[in-house]
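what follows is a predicted structure for the sequence shown.
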Amino acid sequence: MSRVRIPPTLRAETAGARELEARGGTVRELLDDLMGRFPALREQLLDEDDLAPFVNVYVEGEDVRTKDGLETPVAESATVILLPAMAGG
């Protein structure tokens, strides 16, 4: 299983978990696994059927938007980081 790091801004949706294990061969499958267990994540991460514009996802340190987006492959032992953009100044 892959490890998914959860930032503080999303921990309310994951019962306070800082890191979760998830299954999936692609980012989409991995997020589907997480959202199946934590449905409130869906509105935080997706817009329609794609990543929300303010959400960044990194697989082994690489932004999936520079790869294949939600279809980016995820190795079984990969570390995935969810990182919603923060506003402010």
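Received it, and whenever you're ready, just let me know what you need.

can we go C-alpha only for contacts and neighbour counts from here?
Will do.

which helix in this protein has the most residues?
The residue-count maximum for a helix in the chain (DSSP state H) belongs to helix 27-37.

helix or strand right after that one?
helix 41-45 (DSSP states H and E).

just checking, what packs against that following helix?
When contacts are defined as 3 or more CA pairs under 8 Å, 6 or more residues apart in numbering; DSSP states H and E, helix 41-45 sits against helix 27-37.

what mean pLDDT does the helix it packs on have?
Summarised as a single mean, pLDDT over helix 27-37 is 98.

below-threshold pLDDT in this protein: ranges please.
86-89 (pLDDT under 70).

on the three-state scheme, Ile81 is what?
Classification of Ile81 by DSSP: H, G, I helix; E, B strand; the rest coil places it in strand.

list the contacts for it?
Counting by CA atoms under 8 Å, 6 or more residues apart in numbering, Ile81 makes contact with Val4, Arg5, Ile6, Val57, Tyr58, Val59, Gly61.

okay but the first one is in contact with Leu20, surely?
Yes. Val4 lies in contact with Leu20 (CA atoms under 8 Å); the separation is 5.2 Å.

who's more crowded, those two?
Comparing Val4 with Leu20 by other CA atoms under 10 Å, the one with more neighbours is Val4, at 23 against 14.

can you give me the separation between the more buried one and Val74?
11 Å (CA to CA, to the nearest Å).

same check on Gly24?
7 Å.

okay, the two: which has more neighbours?
Neighbour totals were compared for Gly24 and Val74, and Val74 leads with 21 against 18 (other CA under 10 Å).

contacting residues for that one?
Per CA under 8 Å, 6+ apart, neighbours of Val74: Ser2, Gly24, Gly25, Thr26, Val27, Val59.
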